[in-house]
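Undergrad: Got a predicted structure here, sequence first:
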Amino acid sequence: MEDNTHLFLRPPKDDGGFYTVEDAARNVLAHGRTVEDIAVEWHKIDDQKVIVEKLVRQSSGSSHRLLNLI
């Protein structure tokens, strides 16, 4: 059985704010000041989902190269 988890990257609302990774219910799963910081958190979440659920994941389709899955 294959499951798709949808994660969303939200940019800061103002200067000095945080990027956030949110699920479909808008629960904040991670935050970071830069795209590089949030990319690390994104991959941690993705790796955790793969390990815990042992599922074959499809690419996220993100347009930012740091957020693309291998």
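TA: It's in. Numbering: from 1, shown residues only.

Undergrad: Now do the helix or strand of the chain with the lowest mean pLDDT: which elements does it pack against?
TA: Sorting the helices and strands of the chain by mean pLDDT, DSSP states H and E puts helix 35-53 at the bottom, at a mean of 78. Packing contacts for helix 35-53, counted by 3 or more C-beta pairs under 8 Å, 6 or more residues apart in numbering; DSSP states H and E, involve strand 7-10, strand 19-23, strand 28-32. Where C-beta positions appear, they are placed from N, C-alpha and C, glycine not excepted.

Undergrad: can you tell me which of those comes nearest to residue 44?
TA: strand 28-32 (7.4 Å; C-beta to C-beta).

Undergrad: if we can go back for a sec, pipe the helices and strands packed on helix 35-53 into TSV and attach mean neighbour count and distance to residue 45 per row.
TA: Formatted as TSV, the helices and strands packed on helix 35-53 follow (neighbours: other C-beta atoms under 10 Å; distance: least, C-beta to C-beta, whole Å):
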stretch	mean neighbour count	distance to residue 45
strand 7-10	15	7
strand 19-23	18	6
strand 28-32	15	6
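
Undergrad: Could you export those strands to TSV, including columns for distance to residue 47 and mean pLDDT?
TA: Output for those, formatted as TSV (distance: least, C-beta to C-beta, whole Å; pLDDT from 0 to 100):
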stretch	distance to residue 47	mean pLDDT
strand 7-10	13	87
strand 19-23	13	90
strand 28-32	12	91
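
Undergrad: Using JSON lines, lay out these together with distance to residue 46.
TA: Formatted as JSON lines, the helices and strands packed on helix 35-53 follow (distance: least, C-beta to C-beta, whole Å):
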{"stretch": "strand 7-10", "distance to residue 46": "8"}
{"stretch": "strand 19-23", "distance to residue 46": "10"}
{"stretch": "strand 28-32", "distance to residue 46": "11"}
